[in-house]
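Peer 1: Below are the sequence and a predicted model for it; my questions follow.
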Amino acid sequence: MTRTRLRRAFLSAASLTTAVVLAGCGTDQHGSAAGGHNSDSMASPTLSAAPSSPGAANAADVSFAQAMIPHHQQAVQMADLAVTRATDSDVKQLATQIKAAQGPEITTMTRWLAAWGTPAPTATASGAHHGESANASPGTDHGMAGMMTDADMTALGAATGADFDRQFLTMMIAHHRGAISMARNEISNGANTDAKALAQQIADDQQAEIDTMKRILARL
């Protein structure tokens, strides 16, 4: 009887030990898996926040950006003069508007050229690369229609009063017409959707500004 009780006690203890060991192993296994899962789910994502680069560009896209950058730069130079020299408040306001629009567009197109592996153009003192007159027909001078010559810019800088306002408006209308011609060429022949969208925006915005300048010019 005593031997039977001892045997039962031994078997009970052994069963308990085995159960504890198995339970511990089970806890370690599932705990480890759960721990790993929780760790993965709690980990911070490492997604890149870098801005997307523009898509592929064809020759028309590159030419558009390379020509429009100095074209815009000269418009900003003209606007800088008008901000301080214009006597008409509407002319001053228009000049401020031109600077606000074209400055960021220059930055955008410069970044595109860098992404496309193409160098940005370097402007001359007047902003003109090829010295085209305001009276040149659209589409001439490698697509830089409407660019002012150094003489044009000098004459504008020397003007004062209402004469300055009239010269600025007349020159900027010609300048905008050139930009619209360049933009339409990009819309027709470009491949990059971002560049084509910018070209359309330039064409729309600058046509609206031409209409405004004509109205101002008519009352001066």
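Peer 2: Yep, that arrived.

Peer 1: Helices along this structure, start to end?
Peer 2: In the chain, the helices defined using DSSP state H lie at 2-42, 59-85, 89-115, 150-158, 161-189, 193-219.

Peer 1: closest one to residue 122 among those helices?
Peer 2: helix 59-85 (8.3 Å; C-beta to C-beta). For the C-beta atoms, the positions are set from N, CA and C on the backbone; glycine is no exception.

Peer 1: quick one on the thing from earlier: now render the helices of the chain as CSV, adding distance to residue 121.
Peer 2: Below are the helices of the chain laid out as CSV (distance: least, C-beta to C-beta, whole Å):
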stretch, distance to residue 121
helix 2-42, 50
helix 59-85, 5
helix 89-115, 9
helix 150-158, 17
helix 161-189, 13
helix 193-219, 16
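
Peer 1: Adding mean neighbour count and mean pLDDT, write those out as TSV.
Peer 2: As requested, the helices of the chain are arranged in TSV below (neighbours: other C-beta atoms under 10 Å; pLDDT from 0 to 100):
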stretch	mean neighbour count	mean pLDDT
helix 2-42	10	41
helix 59-85	21	97
helix 89-115	17	96
helix 150-158	15	96
helix 161-189	20	98
helix 193-219	16	97
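
Peer 1: Now do the nearest residue to residue 119 once chain neighbours are set aside against residue 107, distance only.
Peer 2: Excluding the flanking residues, the one nearest residue 119 by C-beta to C-beta, 6 or more residues apart in numbering is residue 113, at 6.8 Å. As judged by C-beta to C-beta, to the nearest Å, residue 113 and residue 107 stand 11 Å apart.

Peer 1: Kindly report the same for residue 180.
Peer 2: Taking C-beta to C-beta, one finds residue 180 at 21 Å from residue 107.

Peer 1: coming back round to it: isn't the residue nearest to residue 119 right up against residue 63?
Peer 2: No. Between residue 113 and residue 63 there is no contact under C-beta atoms under 8 Å: 10.7 Å.

Peer 1: ok, residue 84 to residue 203 distance?
Peer 2: Applying C-beta to C-beta, the value for residue 84 to residue 203 is 29 Å.

Peer 1: no, scratch that, I was asking about residue 212
Peer 2: The gap separating residue 212 from residue 203 is 15 Å, by C-beta to C-beta.

Peer 1: Check whether residue 156 really touches residue 168, as I assumed.
Peer 2: Yes. Using C-beta under 8 Å, residue 156 is in contact with residue 168, at 6.4 Å.

Peer 1: what do these two both touch?
Peer 2: Taking C-beta atoms under 8 Å, 6 or more residues apart in numbering as the contact rule, residue 156 and residue 168 both touch 78, 81.

Peer 1: List the residues that contact the residue nearest to residue 119.
Peer 2: Contact analysis of residue 113 by C-beta under 8 Å, 6+ apart lists 62, 65-66, 69, 119-120.
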